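Colleague: Below is the structure, and that's it, no one-letter string:
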């Protein structure tokens with residue numbers, strides 16, 4: 001997902017919102033002057049963001065095409081979750097209610113329906129991490145934030161799947177839906193077959209109030225803003241009902257991937273268990289406790305994340321590094337361990 005509070009590179013020169021869209025939205029989200037283009041996501045993202053002001057306050061408005069995977073009801077449930085977290089002490093960018101009092105709106109322009117929501121702009125910057133030896137404070141605060149969200153998720157009314165349903169009565173937000181979306185998205189037959197095997201393993205796992213609930217589902221540093229002493233979690237557009245260990249695995253996968261493949265600090269790999277996972281998980285456990293057996297699922301969920309990254313970045317990796325794509329495919333198919341054998345989770 002794109003960072004939805006900071007302007008994307010190349011977005012030089014603001015462009016007005018299309019006139020038909022302005023007409024559809026002007027009564028729902030009144031502005032001092034018409035909204036202008038602020039940022040657009042990449043090919044794997046999901047909408048266009050416009051900036052506007054209301055009574056001197058800077059705000060952002062996200063416009064997303066509606067479709068089978070995105071409805072007004074599902075977006076509204078995710079926005080309600082974000083608002084509830086904010087009210088309970090998690091730093092997020094809570095949605096603004098429209099003039100009709102709703103957290104999200106659906107408007108139609110021509111033959112296209114759009115889902116829209118708004119929030120206040122903040123001055124925070126996207127988190128930029130350097131040498132992992134210098135990131136201990138961030139790791140602790142990151143783990144604490146995740147633990148707090150998981151603890152709060154245990155009090156959210158829904159925990160197995162969404163309250164909102166489709167015409168057939170199936171939940172609009174669920175792990176089953178996520179599995180189906182990616183099953184269709186894979187461009188490699190062998191990986192798709194391995195994904196079906198993964199589903200069998202997931203279906204055998206226990207699902208309880210203590211290990212499963214509503215998650216942000218993408219809490220990597222690219223979706224965290226830093227403002228003074230605050231860490232602000234943004235972009236809840238893929239929030240889902242999953243095991244809490246899924247998000248822990250997302251964070252671990254993200255930082256190991258950054259250090260080993262996207263930084264000059266790959267030599268720190270052997271230290272990451274001590275300098276990253278240990279402070280991260282100690283802070284997590286200061287806020288939330290998981291059943292001991294959950295930690296044994298970390299490699300399953302790290303491979304789950306690897307599947308999703310394979311699907312989301314398939315074209316990009318194939319064009320830039322086909323050798324890496326082939327290696328990643330084999331890691332997925334054979335469910336190779338992501339972490340060293342001796343790691344924090346194994347020692348639990």
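Modeller: Noted; the coordinates are in hand. From a predicted model like this one, the values you see are computed outputs, not experimental measurements.

Colleague: Spatially central residue in this structure, please.
Modeller: Geometric centre of the chain, nearest residue: residue 218, 2.3 Å, by Cα atoms, centre = their mean.

Colleague: Distance of residue 83 relative to residue 320?
Modeller: Per Cβ to Cβ, to the nearest Å, residue 83 is found 39 Å from residue 320. All C-beta atoms are positioned from the backbone trio N, CA, C, and that covers glycine.

Colleague: Run through the helices of the stretch 201-348 of the chain in chain order.
Modeller: 244-261, 272, 278-285, 298-312, 314-320, 322-333, 344-347 (DSSP state H, counting those that start in this stretch).

Colleague: Now the fifth one: buried residues?
Modeller: By neighbour count on 16 or more other Cβ atoms under 10 Å, the buried set for helix 314-320 is 314, 317.

Colleague: And the strands in the stretch 51-200 of the chain, which stretches?
Modeller: For the stretch 51-200 of the chain, the strands defined by DSSP state E, counting those that start in this stretch occupy 57-65, 95-96, 105-109, 112-120, 125-126.

Colleague: What strands flank the first one, and is each parallel or antiparallel?
Modeller: The reference is to strand 57-65. Partners of strand 57-65 in the sheet, by DSSP bridges, are strand 48-54 (antiparallel), strand 112-120 (antiparallel).

Colleague: Adding distance to residue 29, mean pLDDT and mean neighbour count, write the ones you listed out as CSV.
Modeller: As requested, the strands paired with strand 57-65 are exported to CSV (distance: least, Cβ to Cβ, whole Å; pLDDT from 0 to 100; neighbours: other Cβ atoms under 10 Å):
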stretch, distance to residue 29, mean pLDDT, mean neighbour count
strand 48-54, 7, 95, 20
strand 112-120, 6, 96, 20
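
Colleague: what's the closest of those to residue 285?
Modeller: Checking those against residue 285 by Cβ to Cβ gives strand 112-120 as the closest, at 30.9 Å.

Colleague: Off-centre distance for the closest one?
Modeller: 18 Å (Cα atoms, centre = their mean, to the nearest Å).

Colleague: what do you get for stretch 73-80?
Modeller: 14 Å.

Colleague: Stretch 102-111 now?
Modeller: Worked out by Cα atoms, centre = their mean, stretch 102-111 lies 23 Å from the chain centre.

Colleague: start to end distance for that stretch?
Modeller: End-to-end span of stretch 102-111 (Cα to Cα, to the nearest Å): 23 Å.
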